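[1] For reference, the sequence and a predicted model appear below.
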Amino acid sequence: MSENTEETTRIYTGPAMIAQGLRARLNELGIEPIIKDDHASGITSGFAIGVPGQVRVFIRKDELATAQTTIDGFLKEIGEK
């Protein structure tokens, strides 16, 4: 699934390990986020861009209302918000 800025919204940028925890929480709601790792993608393509270990997490805009409480709660639990 590609990133379409009109249909998706970024909900988190940070360490991949935390993004995976957020992904697990969202999966419990039936939401499958898109995780973009520009650095890893760049290495695979032969050029490095982005920050190592930093990823961006996106969900569909129509899922944001359902996910917002879970996102806020998770980030508060880990001290990110």
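    Yes, it's here.
[2] Go ahead and flag the most central residue of the protein.
    Centroid-nearest residue in the chain: Val57, 1.4 Å away (criterion: CA atoms, centre = their mean).
[3] Could you give the bridge partners of that residue?
    Here Val57 sits in beta bridges with Tyr12, Ile35, going by DSSP bridges.
[4] Could you measure from Ile31 over to Gly79?
    Counting by CB to CB, to the nearest Å, the separation of Ile31 from Gly79 is 23 Å. Where you see a C-beta, it was placed from the backbone N, CA and C, and this is true even at glycine.
[5] What are the boundaries of the helices in the protein?
    In the chain, the helices defined using DSSP state H lie at 16-28, 38-45, 64-77.
[6] got a list of contacts for the first one?
    Contact partners of helix 16-28, identified using CB atoms under 8 Å, 6 or more residues apart in numbering, comprise 11-12, 32-33, 35, 37, 53-55, 57, 59, 67, 70-71, 74-75, 78, 80.
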